[in-house]
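Novice: could you look at this predicted model? Sequence included:
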Amino acid sequence: MTETSGGNSANAGGACSGSPWKDPSQQPFIELQSLSKRFGQFSAVDDISLKIYRGELFTILGGSGCGKSTLLRMLAGFEKPSAGRILIDGVDITSSPPYERPVNMMFQSYAVFPHMTVEQNIAYGLKKEKLPRDEVARRVEEMLQLVQLPQLAKRKPNQLSGGQSQRVALARALIKRPKVLLLDEPLAALDKKLREQTQFELMNLQDQLGITFVVVTHDQEEAMTLATRIAVMDAGKFVQIGTPSEVYEFPRNRFIADFFGKINVFEATVVASDGQYLTARLDDSDTEIKTRHEQSLAPGSRCSIGVRPEKLLISTEAPAGEAYTVTRGVVEDLAYYGNRSLYRVRSQNGAVIQVSAQNYQRSAELLLEWDDEVFLSWESGCSVVLTE
Amino acid sequence: MRRSSTFLYSLLCFGYAFLYLPILILMIYSFNDSRLATVWGGFSTRWYSALLDNSQILDAALLSLQIAVISATAATVLGTLAALGLNRMGRYRGRTLFTGMIAAPLVMPEVITGLSLLLLFVSLQELIGWPGTRGANTITIAHITFSMAYVAVIVQSRLASMDQSLEEAAMDLGGRPFAVTLDVTLPLIAPAMAAGWLLAFTLSLDDLVIASFTAGAGASTLPMVIFSKVKLGVTPEINALATIIIGIVTVGVLVAGWTMLRQQRQLANQQTRP
């Protein structure tokens, strides 16, 4: 593992700046080439190709059984791919065993060795590199400072809280200065308050060390706040890869749109489509909606238009100007959250549409009441075409 | 409510009486002055001094201890290796079959195990001229054979319940498979190995049937001597021997319990420390 021990300067470039994935001249740091893993007849990971760049905090998001853990275990070397290659920093590591990879992992269960003290746990990786004792001691001390646990060095794991165990696991994985740190559901075992705090600490740490992080999670909120890019995985394949705002604002299909927050879906018929914009007539009203969509669809075919609740405008008078009037309806239910209100509007043809509105004005009375007749609209560019 | 608790209480008393009364009677009669085991002839310790002069019983006890220590140690090593092979070598063809087969000796009647081992030793003797005379060596081998299965089953259940990501973490941190086994797996299964050793030791010390089959003319283990003596009538000497064994076991259990309690207290103290 000489590569990793000298890796400090190689990683000194810091966290990734800009969007290297948009620049074709950038060299990917981790590259998966048509990677597959089959267990008998079942394909856990199905022909996946992916490029991750130096300093990224890349998140793989998906429900249980989607293959995300298998993918991570292939990166760590615990599973052998059935087909395809894995390259890290230009080196093919597809067939190297876990103990020869410049990769370290933080396990979901933390896997802190119960028979060793905190100090011994953290030192384990360096001892296996046969480093001189004083250097091991120095770097362990450094790591303990980094994860803010120096006072617990002599404790045994059964005397640690969940959050402390998590820090020990993190320090133990980082001490070898890996090129890539793999994190399996890093926050799943922590309570809500600790999660938020740890989330920011992880991001700071990643920024500070410049190590490429690959995180696997089932929690979309965790993925959104942590990641530079998210890959949404389903049934062994990536459904969409993009920045958090890309997957939220431009979901490729209904699965992703539903996965990240709420979305209203309007059924529509395609009027025209030129490979750049798609014009469709909503079933709800006779309004024609123009939405950016790069795939051509035949006129007359059916499509779905999605609009997030916070993109919808609600008013008692018909909106003027650029906004598209979609439909009229009646406020059926409303929830007041202080900073915003959530309305459930029953449209003319019976569908329930959710609208989230900021409460700009200060008023003791509600701006809208139950059974108010309202107009729903959105500004052009706020909708997205969803395929199945 | 009151009646049912009286009922439960008497059940409890009955249960414990059933377990411990025979032992208590045996211990009392070991101090019996009379030669007849069933007639009380006053208090005496003469059977204890007679026991010390009885070289046949002492030799047999020493031989039994020797066989028990050697066979328990060997069975622990082999049983642990078998458990590791079955549990930590990944999936391979026939693993389920092997797992089932390692547990089979547990349900095999001792008479059959003893007989088959005797046949093995006899045919080996004819084929390659080993093991020469049957005695302590053949008893030891026989004991290793059947107690190994117990150790393997105990260690295997510990391995199965152990979080496998501990070993993966060690490997991830640069430990080669052999180092991972030494650094992580063995320390974590050590309690199971100790339990397996103790069980193998007890089984070997206790065994009469298999030892009788595999022993030659020269070697007699303690159970064999006791059994042959009992055939001629129970002597108070045997009672004295049994009392000594019970005493040793009781002290052992108390010391082990006390050590464990102290460890737990230490741990609890450390935990409450800020």
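Specialist: Received the coordinates, thanks. This structure is a prediction, so every number in the text was calculated from the model and none was measured. Numbers count the residues shown, from 1 in each chain, chains lettered A, B, ... in the order given.
Novice: where's the spatially most central residue of chain A, which helix or strand?
Specialist: For chain A, the residue nearest the mean C-alpha position is A:A223 (2.9 Å; CA atoms, centre = their mean). Using DSSP states H and E, A:A223 sits in helix A:220-226.
Novice: for that helix, buried residues please.
Specialist: Using 16 or more other CB atoms under 10 Å in any protein chain shown as the test for burial, helix A:220-226 gives A:Q220, A:E222, A:A223, A:M224, A:T225, A:L226. Bear in mind the C-beta positions are built from the backbone N, C-alpha and C, glycine included.
Novice: just the closest of those to chain B, please.
Specialist: A:E222 (20.2 Å; CB to the nearest CB).
Novice: residue contacts, the closest residue to the closest one other than its chain neighbours?
Specialist: Nearest residue to A:E222 in three dimensions, chain neighbours excluded: A:L187, at 5.7 Å (CB to CB, 6 or more residues apart in numbering or on different chains). Going by CB atoms under 8 Å, 6 or more residues apart in numbering or on different chains, A:L187 touches A:R195, A:T198, A:Q199, A:T217, A:D219, A:E222.
Novice: which strands and helices sit next to the helix ranked longest in chain A?
Specialist: Counting residues, the longest helix found in chain A (DSSP state H) is helix A:192-209. Contacts defined by 3 or more CB pairs under 8 Å, 6 or more residues apart in numbering or on different chains; DSSP states H and E place helix A:192-209 against helix A:162-174, helix A:220-226.
Novice: what sits up against the last one?
Specialist: Looking back up the chat, that one is helix A:220-226. A:57, A:59, A:61, A:187, A:195, A:199, A:202-203, A:215, A:217, A:230, A:244, A:248, A:259-261.
Novice: filter the residues you listed down to the ones in strands?
Specialist: A:L57, A:T59, A:L61, A:V215, A:T217, A:I230 (DSSP state E).
Novice: of all those residues, which comes closest to A:G350?
Specialist: Among the ones in strands among the contacts of helix A:220-226, A:L61 lies closest to A:G350 (CB to CB), at 33.9 Å.
Novice: so how far is B:G218 from A:G261?
Specialist: 84 Å (CB to CB, to the nearest Å).
Novice: between those two, who's got more neighbours?
Specialist: When A:G261 and B:G218 are compared for neighbours, A:G261 comes out ahead with 15 against 9, by other CB atoms under 10 Å in any protein chain shown.
Novice: mind jotting down where the helices sit in the chain?
Specialist: No chain was given, so I picked chain A. For chain A, helices defined by DSSP H occupy the ranges A:2-5, A:7-10, A:68-76, A:118-128, A:133-146, A:162-174, A:192-209, A:220-226, A:244-249, A:254-259.
Novice: can you look at chain B instead?
Specialist: Taking DSSP H, the helices of chain B run over residues B:2-29, B:46-53, B:55-87, B:95-107, B:110-128, B:136-161, B:165-172, B:177-180, B:186-206, B:209-214, B:222-231, B:236-272.
Novice: give me the average confidence score over the second one.
Specialist: By that I understand helix B:46-53. Average pLDDT, helix B:46-53: 88.
Novice: off-centre distance for that helix?
Specialist: 27 Å (CA atoms, centre = their mean, to the nearest Å).
Novice: quick one: neighbours of residue 245, just the number.
Specialist: Just going to use chain A. Neighbours of A:S245 using other CB under 10 Å come to 9.
Novice: not quite, I wanted chain B
Specialist: 13.
Novice: near chain A, which residues of chain B?
Specialist: Within chain B, the positions near chain A by CB under 8 Å from any CB of the partner chain are B:163, B:165-166, B:168-176, B:179, B:183-184, B:187-188, B:267, B:270-271.
Novice: for A:V118, give me its contacts.
Specialist: Applying CB under 8 Å, 6+ apart, the residues near A:V118 are A:L144, A:L149, A:L152, A:A153, A:K154, A:R155, A:K156, A:P157, A:L160, A:V168.
Novice: top of those residues by number of neighbours, please.
Specialist: Sorting the contacts of A:V118 by how many neighbours each has (other CB under 10 Å) puts A:V168 first, at 26 neighbours.
Novice: neighbours around the closest residue to A:E369 other than its chain neighbours, how many?
Specialist: Excluding the flanking residues, the one nearest A:E369 by CB to CB, 6+ apart is A:V331, at 7.0 Å. Using other CB under 10 Å, A:V331 has 20 neighbouring residues.
Novice: measure A:V331 to A:R346 for me?
Specialist: Applying CB to CB to A:V331 and A:R346 gives a distance of 8 Å.
Novice: what residues does the stretch 1-150 of chain A put near chain B?
Specialist: Residues of the stretch 1-150 of chain A lying near chain B (CB under 8 Å from any CB): A:1, A:76-78, A:97-99, A:103-105, A:107-109, A:111, A:113-115, A:124-125, A:128-129.
Novice: just to revisit the earlier point, pLDDT of the helix holding A:A223, averaged?
Specialist: 87.
Novice: and stretch B:25-32, by the same measure?
Specialist: 88.
Novice: coming back round to it: buried ones among the residues of the stretch 1-150 of chain A next to chain B?
Specialist: Buried among the residues of the stretch 1-150 of chain A next to chain B (16+ other CB under 10 Å): A:1, A:76-78, A:98-99, A:103-105, A:107-109, A:111, A:113, A:124-125, A:128-129.
Novice: can you give the domain ranges for chain A?
Specialist: Structurally, chain A divides into domains by automatic domain parsing as follows: A:2-252, A:262-386.
Novice: where does pLDDT dip in the stretch 151-300 of chain A?
Specialist: Along the stretch 151-300 of chain A, the model assigns pLDDT under 70 to no residue.
Novice: ok, now how distant is the nearest residue in space to A:L182 that is not next to it in sequence from A:D286?
Specialist: Spatial nearest neighbour of A:L182, excluding adjacent residues (CB to CB, 6+ apart): A:M105 at 4.2 Å. Applying CB to CB, the value for A:M105 to A:D286 is 56 Å.
Novice: what do you get for B:R93?
Specialist: Applying CB to CB to B:R93 and A:D286 gives a distance of 68 Å.
Novice: got it, and B:T185?
Specialist: B:T185 sits 71 Å away from A:D286, going by CB to CB.
Novice: phi, psi for A:S383 please.
Specialist: When quoted as degrees, to the nearest 10, the phi and psi of A:S383 stand at phi -100, psi 170.
Novice: burial of it, as a residue count?
Specialist: 27.
Novice: can you pull the contacts of it?
Specialist: By CB under 8 Å, 6+ apart, A:S383 lies in contact with A:I289, A:T291, A:I305, A:G306, A:V307, A:K311.
Novice: ok, A:Q361 touching A:S341?
Specialist: No - using CB atoms under 8 Å, A:Q361 is not in contact with A:S341, being 11.6 Å away.
Novice: hey, what's in contact with both of those two?
Specialist: Counting by CB under 8 Å, 6+ apart, the residues touching both A:Q361 and A:S341 are A:L367.
Novice: more neighbours: the two, which one.
Specialist: Legend: neighbour count by other CB under 10 Å for A:Q361 and A:S341, higher for A:S341 (18 against 6).
Novice: averaged pLDDT, stretch B:90-104. What do you get?
Specialist: Here the average pLDDT along stretch B:90-104 is 84.
Novice: contacts for that stretch next, please.
Specialist: B:A82, B:L86, B:M89, B:A149, B:A152, B:V153, B:Q156.
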